[in-house]
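> Whatever this is, show me its structure:
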Amino acid sequence: MERLRSDGPLSVEAYMDACNAYYYATRDPLGAAGDFTTAPEISQMFGELVGAALTDVWRRAGAPANVRYVELGPGRGTLARDALRVMRSAGLTPPVHLVEISPTLRAAQAALLGEVTHHDHIGDLPCDGPLLVVANEFLDALPIRQHVGGVERHVEWIGDGLAFDRDGEIVESSPSRDEAVRALAEGLVPLGGVALVIDYGHERSAPGDTLQAVRGHRFAPVLADPGENDLTSHVDFQRVGELAREAGAFVAGPAEQGAWLERLGIQARARALANASPDRAGEIEAARARLCRPDQMGSLFKVLAIHAPDWPRPAGL
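Prediction:
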């Protein structure tokens, strides 16, 4: 409100950036008691298969000894825990580097994972060896710009509440997202390695308003209670791939998350877990269905790999 009074209307980008900066700095938003649940929190199978995919591509790249595990926006560290367990069982024990700015989540990650190195930005990552990178639901939270008829959309105070200053066919872009993808690809090309980008979004660039707010596992009005809702937008995977290729990286995918997990063997893993814990068989199958079924997370979520030219294409893509 102080910024609106002093500076006038805020761009959608500035509004989303301010809201999410406060939101993530002041809470753990994950799980039943939070606002949303990500794939790693649904089942250990998700992180395990990510770890298996990274281990497989590392081996086919010649098993370099100086590789590092990197995760962008790692939440509580659940995905890293499950992926690293699989990687270590296969003889891969990389140092762990996490890009995270939330003090609350940094503390949770350190408590769960032990020795980790935190970074504020992708550009701060080590640059002396290959990187095995996971970005699960990271890009969707980066701020976006919206334009209507070529004019940037803003948030302003009208009457007794917040409102958008214009409506119509919306075209979205995200300089922050573009910068993150470029930094990631430009780092992988000379160092070697691979990044798995997993997020919800569309395979082809298209106009449309995809900005959304979630609170208590339900959609909320985007302009209600600034800083108290999780604001995200759909990732444009065509744009991500184009930027990575422009930086000299190779791109595989995108593939739908459900199909990717099926190709990596999630059904076999679910059977193994159910056989080990028969009383949890229904829970395990429900989790597999939630991750893979087209009417749940299976189709909306996509997987895209960015990899160095001298590294192989990851499995499943």
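> top strand in the chain by residue count?
strand 193-202 (DSSP state E).
> List the neighbouring strands of the helix or strand just after that strand plus their orientation.
Downstream of strand 193-202, the first helix or strand assigned by DSSP states H and E is strand 212-215. According to DSSP bridges, strand 212-215 has the following sheet partners: strand 218-220 (antiparallel), strand 230-232 (antiparallel).
> Show the average pLDDT along strand 212-215.
Strand 212-215 carries an average pLDDT of 92.
> Determine the set of other helices and strands touching the worst-scoring helix or strand of the chain on mean pLDDT.
Least confident helix or strand of the chain, by mean pLDDT, DSSP states H and E, is helix 2-7 with a mean of 86. Counting contacts by 3 or more Cβ pairs under 8 Å, 6 or more residues apart in numbering; DSSP states H and E, helix 2-7 is packed against strand 154-158. C-beta: built from backbone N, CA, C; applies to glycine.
> quick one: whichever helix or strand comes after the strand it packs on to chain centroid distance?
Per DSSP H and E, the first helix or strand lying C-terminal to strand 154-158 is strand 161-164. Centre-to-centre, strand 161-164 and its host chain are 29 Å apart (Cα atoms, centre = their mean, to the nearest Å).
> Ok, stretch 106-115 next?
With Cα atoms, centre = their mean, you get 19 Å for stretch 106-115.
> show me the contacts for the residue nearest the centre of the chain.
By Cα atoms, centre = their mean, the chain has its centre lying nearest to E137, at 2.2 Å. E137 makes contacts with 38-39, 73, 75, 198-200, 232, as judged by Cβ atoms under 8 Å, 6 or more residues apart in numbering.
> could those residues go into JSON lines alongside pLDDT and distance to P254?
Listed next are the contacts of E137 as JSON lines, based on pLDDT from 0 to 100; distance: Cβ to Cβ, whole Å:
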{"residue": "T38", "pLDDT": "89", "distance to P254": "18"}
{"residue": "A39", "pLDDT": "92", "distance to P254": "15"}
{"residue": "G73", "pLDDT": "95", "distance to P254": "18"}
{"residue": "G75", "pLDDT": "92", "distance to P254": "21"}
{"residue": "I198", "pLDDT": "98", "distance to P254": "9"}
{"residue": "D199", "pLDDT": "97", "distance to P254": "9"}
{"residue": "Y200", "pLDDT": "95", "distance to P254": "11"}
{"residue": "T232", "pLDDT": "96", "distance to P254": "18"}
